Every structure is written in structure tokens, then in C-alpha cells.
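>>> quick one, what's the 3D model for this:
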Amino acid sequence: MDNGYLRNSMAAFLQIAAVVLLVGLCLWIVAPFVTLVIWGVIIAVAIFPAHVRLAAVLGGREKLSASILILAGLLILVIPAWLMTESSVTAARSVAANMQDGAISISPPADRVADWPLIGKRVHSVWTQAAEDIEGLANQFQPQLMTIGEVVVKSIGATVLGVIQFIFSIFVAGALLLSAHSGYRASCTIATALAGERGNALTDMSIATIRSVSKGVVGVAIIQALLAALGLLLIGVPAAGIWAALVLVLAVVQLPPLLVLGPIAVWVFSVSDPVPATIFAIYAVFVSLCDSILKPMLLGRGMDIPMLVILIGAIGGALSAGLLGLFLGPVVLAVGYKILVEWMALHAPVESSAD
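Below is the predicted model:
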């Protein structure tokens, strides 16, 4: 065998190995920041039209526009997160204080429940018995509940970490807004190198999908959670932040928030006057159904993303990356789904009609 061929082959092998090693080291170094950067890119792509309009209003000052959007994003994020954390800590302290004497007590329903027409006495009786049964069961499994409580405390810590990640992602999005045009050109160049002449079209489709899903799924879920938190705080429901967080999770995974707000509305009837309780019940139904109004406005036309894709993305993202993954998963999976559908349509065999 030619010695020159062997030398060239060995040199090529060493060069490829060096490149692979360098890429691997780079990925290993930036791995902790990949999720933050991806979510920052998604936020930047989603709010770029608003950035353009605001910059035009401000006389073309893009830095000021990006700063205002960053500040608005921080306010929208930090205030609900603070309320949720405070509510969670308060509820945890209440449970801990209730368990200090070695027993757990659950308050029975108010006597006014028995005055409800037709079913009041029956509901009061069933409710009282259920409270006693739950209390006895809780006291029986108190050690296990203590373990669950520790898990809940760790979950609160993980939620705080997720909020911190959100904050960093918002700053990343603000920086990306200032280089949006060069970023778009770089994306088109990479997509063209990978997909040929359809690279620009795939890039535009990915941008449209990100904006559609981030507004029509994540944005609607956040709006529903904020509305739910407002109603829960006004009516005085304990641990309002925790319930609002559950509403957020249900809305992201495309389940009706009424699964949480419905039982709370029943409880409100037992502790509040009929008029405010009725208003809250109507409000809870409105919050649960308002997605049918918001989604057609925000989801966009032509973005036929199956709800199963959104559900798998939300659950898989939450299991993989926690709170941030809950929002990141649906968007990333939706983009992957649209690209796969486009690729399959491009390479689908052409049906020939028989003569």
C-alpha cells in the first residue's frame, strides 16, 4: 500500500478526531446553558413583532424597546412567582404547625352548607364524613406524609430555580432582539446548508410555528393562570399561588383548569356568602373556557399542531427540564413536528392515475 496514502489517511483521521473532540468539549462546556439559550431564542422570536412596533413608536431606538420588553417580562414573571412562592411557604408552615402536636385536623364544612336547597343536608353529611375519613387516613400515614412534605419542599426549591432560569432567559432574549436580523440570516444559511433551496422556507415556517405555539399555548396558559390567581386572591382562597400553578400546568397540557377551580368553587360556597361565591363560580367557569376565545386570536392560521404533540411536549419537557421544560417542550416538539411533516410531504411519492 502506498505510504503517502497511509499518511494522508492517518492525518485525516487525526483531524476528524480533533474536530470531534473540540465539538464535544464545547458542547460539554455550554450544556448547562443550552436550555436557557433555547428558551431565550423562543422568547425573542415570539416577541420580535412587538419589538419592531415598539421601536418604531420610540423613533427607532431598538435598545430602549428591548429594555422595556425585558422589564415587562420580568414584572410579568417575578410578581406571580413571588406570590406563588409566598403562598407555598405559608401553606407549608401551616401544615407543619398542624402536625407538631402529632395529629392532623381537617376543618368540617360550614353549617351553611346544610341550608343549600334540595341537596344541602346530603352534601353536608357526605362532606363531613369525607373530612373525618381523610383526617383519619392522614393521621394513619403521617410518616409517609412527612416524606411527601419533604418532596414538596424540594419541589418549591426547584420551582424557584426554574424562575431564576426564566429570568436569565429573558435577558438572553433581550440581547438576541438587538441582533435579530443577523441571527435570521445565520439561521437561513445553516438551514440552506442542511436542506438546500428550501432552507429559507423551513426557517420561516419554524419562526411562524414558534410564534403560534408560544402565544396560542404557553401565552394562553399564562393568561389563564394569572386570571385564576387574581380570582383566588380576591376571594381569599388559602395557598392561592399553588392552585394558580396547578391551573398553569393543566392549561399547558391542554386540560381544563376547571378541574382545579371547580372543587375550589364548591369549597368557597361553604365558607362565603352566596353572592360572592356565585360570582367566583361564574368567574372560574369563564377562566376555564376563555381559552376557546384566546386561542383562535393567538394561535394563528394554518398552524394545525395536534394537541397530542403539545401534551407530549409539555409532559416530556417538564420531566426533562423541570419548570422551564414545561413551556419549552411544546414549542420545540411542535417545530420538530412541522419540519417532519414538511419533509415527508416533500419526499412523498407522486400518485399516478391509471389509464
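>>> where are the low-confidence patches of the stretch 151-300 of the chain?
Filtered on pLDDT under 70, the stretch 151-300 of the chain yields the residue ranges 151-160, 162, 298-300.
>>> could you pull out the helices for it?
Assigned by DSSP state H, counting those that start in this stretch, the helices in the stretch 151-300 of the chain fall at 180-195, 199-213, 220-235, 240-252, 258-271, 274-289, 291-298.
>>> helices or strands next to the helix ranked longest in the chain in the packing?
In terms of residue count, the longest helix belonging to the chain (DSSP state H) is helix 3-57. When contacts are defined as 3 or more CB pairs under 8 Å, 6 or more residues apart in numbering; DSSP states H and E, helix 3-57 packs onto helix 62-99, helix 142-177, helix 180-195, helix 199-213, helix 307-346. The C-beta positions use only the backbone N, C-alpha and C, and glycine is treated the same way.
>>> try it again with 7 Å
Packing contacts for helix 3-57, counted by 3 or more CB pairs under 7 Å, 6 or more residues apart in numbering; DSSP states H and E, involve helix 62-99, helix 142-177, helix 199-213, helix 307-346.
>>> gap between it and the chain center?
The chain centre lies 25 Å from the centre of helix 3-57; the measure is CA atoms, centre = their mean, to the nearest Å.
>>> and the angle for it with helix 307-346?
Here helix 3-57 runs at an angle of 120 degrees relative to helix 307-346 (axes from the mean of the first three to the mean of the last three CA atoms, to 10 degrees).
>>> my guess is Pro256 meets Ser288, correct?
Yes: between Pro256 and Ser288 there is a contact under CB atoms under 7 Å: 5.0 Å.
>>> and the two? which has more neighbours close in?
Using other CB atoms under 10 Å as the criterion, Pro256 and Ser288 rank with Ser288 on top: 23 against 17.
>>> pretty sure the more buried one contacts Leu261?
Yes: with contact defined as CB under 7 Å, Ser288 reaches Leu261; the gap is 6.2 Å.
>>> thinking again about what came up before, tabulate the helices of the stretch 151-300 of the chain (JSON lines), appending distance to Lys338.
Below are the helices of the stretch 151-300 of the chain laid out as JSON lines (distance: least, CB to CB, whole Å):
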{"stretch": "helix 180-195", "distance to Lys338": "13"}
{"stretch": "helix 199-213", "distance to Lys338": "5"}
{"stretch": "helix 220-235", "distance to Lys338": "19"}
{"stretch": "helix 240-252", "distance to Lys338": "19"}
{"stretch": "helix 258-271", "distance to Lys338": "29"}
{"stretch": "helix 274-289", "distance to Lys338": "28"}
{"stretch": "helix 291-298", "distance to Lys338": "17"}
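>>> minimum distance to Leu161: which of the ones you listed has it?
Among these, helix 240-252 comes nearest to Leu161, with 14.5 Å by CB to CB.
>>> quick one: distance of that closest one to the chain centre.
Its chain's C-alpha centre and that of helix 240-252 lie 10 Å apart, by CA atoms, centre = their mean.
>>> mind giving me the packing neighbours of that helix?
Counting contacts by 3+ CB pairs under 7 Å, 6+ apart, helix 240-252 packs against helix 62-99, helix 220-235, helix 258-271, helix 307-346.
>>> how about stretch 194-205, which residues are buried there?
Residues 195, 199, 202-203, 205 are the ones in stretch 194-205 that count as buried (16 or more other CB atoms under 10 Å).
>>> closest to Ile170 out of those residues?
Set against Ile170, the nearest of the buried residues of stretch 194-205 by CB to CB is Thr203 (23.6 Å).
>>> sorry, back to before: pLDDT of the longest helix of the chain, averaged?
The average pLDDT for helix 3-57 rounds to 83.
>>> now swap in stretch 63-80 and tell me
On average, stretch 63-80 scores 83.
>>> what residues does it touch?
47, 50-51, 54-55, 58, 163, 166-167, 170-171, 174, 177-178, 226, 229 (CB atoms under 7 Å, 6 or more residues apart in numbering).
>>> now the two most distant members of those residues.
With CB to CB as the measure, no two of the contacts of stretch 63-80 lie farther apart than Leu178 and Ala229, at 32.4 Å.
>>> neighbour count: those two, which is higher?
Ala229 (24 against 16).
>>> do you know how far the residue lying closest to that one once chain neighbours are set aside is from Val237?
Spatial nearest neighbour of Ala229, chain neighbours left out: Ala244 (3.7 Å); criterion: CB to CB, 6 or more residues apart in numbering. Noted for Ala244: a distance of 10 Å to Val237, by CB to CB, to the nearest Å.
>>> please apply the same query to Gln15.
The gap separating Gln15 from Val237 is 64 Å, by CB to CB.
>>> neighbour-wise, which of the two wins?
Shown here are Gln15 and Val237; by other CB under 10 Å, Val237 has more neighbours (23 against 10).
>>> just to revisit the earlier point, for the helices of the stretch 151-300 of the chain, which one sits closest to Leu6?
Nearest of the helices of the stretch 151-300 of the chain to Leu6, taken as CB to CB: helix 180-195 at 31.9 Å.
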